[in-house]
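[1] sequence first, predicted coordinates after that:
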Amino acid sequence: MLTTPPTASGRAYAHLRSEILDGVLSPGTPLLEVEQSERLGVSRTPVREALSRLAAEGLAEPSGKRGLVVTQVDDRYVRSLFEQRSCLEAQAAQLAAVRGQPTVFAAFGDQFTQWRDLFRGPAVSDGQVRDYFALIRRFDEAVNEATDNSFLVDAMENLRIHVLRLRRMAGHSQRRLEASASEHSLIARAISRRDAALSAHATHVHLNNSVEHFRQSWRPAETDPTEGVLPTSATDAPG
């Protein structure tokens, strides 16, 4: 089957998006059309289209005379993100408990329990951490499918772009990885038992613990010290 090669706009978008998520383009970096077109080797029109897509996703935002800049990461950004996640992901977990296949989520519960036990042991490798996040992604996709609600899935997937960005800024500790695996196991098992109330509650607990991890891990330099704290290193942290 033939695949259509990406357009200049698609390539520019993918490149800029990757740089934002990886922290190469840090929060507040100006995204000037002329500068980016020269840097990426494409005309201004594809860059303009790419920047429009990034703004629609919330990865770029207007900033006075500077035009678009990479969206700032501050306490308000994280708070708003997790407030929205709490609403959407709790609803998704409840729907998955009602509509999903119990055996699928029971298997996820077993896998997360195995990872919890692994994280209780000696230090894990970067490869193992990547494998763990791949499991989380498969679990998210299973929840997406089980909800049978494309509008809800689209909204959650947009939020997960921002979650990925924070994960790559937050860093991780093995203690938090262990807790994350335990929390995911509880969510998966609640779904497998068709317990919608527990599925939502377990999701709320996980998200609350995740946001506290981010706040304790990092504080942007511009954040007022009386506000919550946020993330710094470039490795993934469970969310």
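    All right, it came through fine. Residues are numbered from 1 along each chain as shown.
[2] what comes up buried for the helix or strand of the chain with the lowest mean pLDDT?
    None of the helices or strands of the chain scores lower by mean pLDDT, DSSP states H and E than helix 150-170, at a mean of 90. Neighbour-count burial for helix 150-170, counted by 16 or more other C-beta atoms under 10 Å, picks out 152-153, 155-156, 159-160, 162-170. No exception for glycine: its C-beta is placed from N, CA and C like everyone else's.
[3] please name every helix or strand in contact with it.
    Applying 3 or more C-beta pairs under 8 Å, 6 or more residues apart in numbering; DSSP states H and E, we find helix 150-170 packed against helix 8-22, helix 75-99, helix 126-147, helix 196-217.
[4] so which of these gets nearest residue 49?
    Residue 49 lies closest to helix 8-22 among the helices and strands packed on helix 150-170, at 4.1 Å (C-beta to C-beta).
[5] which strands and helices sit next to that closest one?
    helix 33-40, helix 44-57, helix 150-170.
[6] from residue 165, how far out is the residue nearest to residue 54 when sequence neighbours are not counted?
    Nearest residue to residue 54, sequence neighbours excluded (C-beta to C-beta, 6 or more residues apart in numbering): residue 60, at 4.1 Å. Here the criterion is C-beta to C-beta, to the nearest Å. By it, residue 60 lies 12 Å from residue 165.
[7] and residue 18, how far from residue 115?
    27 Å.
[8] centre-most residue in the protein?
    In the chain, the residue lying closest to the centroid (C-alpha atoms, centre = their mean) is residue 163, at 2.2 Å.
[9] please parse the chain into its domains.
    8-70, 75-217 (automatic domain parsing).
[10] looking at these, which is buried most?
    Highest mean neighbour count among the domains of the chain (mean count of other C-beta atoms under 10 Å): domain 75-217, with a mean of 18.
[11] how long is that one from one end to the other?
    End-to-end span of domain 75-217 (C-alpha to C-alpha, to the nearest Å): 12 Å.
[12] what's the spacing between it and its chain's center?
    10 Å (C-alpha atoms, centre = their mean, to the nearest Å).
[13] could you export stretch 137-155 as PDB, CA atoms only?
    What follows is stretch 137-155, C-alpha atoms only, in PDB (Å, rounded to 0.1, in the frame of the first residue of the first chain):
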ATOM      1  CA  ARG A 137       0.300   4.000  26.500                       C
ATOM      2  CA  ARG A 138      -1.200   0.600  25.600                       C
ATOM      3  CA  PHE A 139      -3.500   0.900  28.700                       C
ATOM      4  CA  ASP A 140      -4.600   4.300  27.700                       C
ATOM      5  CA  GLU A 141      -5.400   3.000  24.200                       C
ATOM      6  CA  ALA A 142      -7.400   0.200  25.700                       C
ATOM      7  CA  VAL A 143      -9.400   2.700  27.800                       C
ATOM      8  CA  ASN A 144      -9.900   4.800  24.700                       C
ATOM      9  CA  GLU A 145     -11.400   1.900  22.800                       C
ATOM     10  CA  ALA A 146     -13.500   0.700  25.700                       C
ATOM     11  CA  THR A 147     -15.200   4.100  26.100                       C
ATOM     12  CA  ASP A 148     -16.700   3.900  22.600                       C
ATOM     13  CA  ASN A 149     -16.800   7.700  22.600                       C
ATOM     14  CA  SER A 150     -14.700   9.400  19.900                       C
ATOM     15  CA  PHE A 151     -15.400  12.900  21.300                       C
ATOM     16  CA  LEU A 152     -14.000  12.000  24.700                       C
ATOM     17  CA  VAL A 153     -11.000  10.200  23.200                       C
ATOM     18  CA  ASP A 154     -10.100  13.200  21.000                       C
ATOM     19  CA  ALA A 155     -10.200  15.500  24.000                       C
END
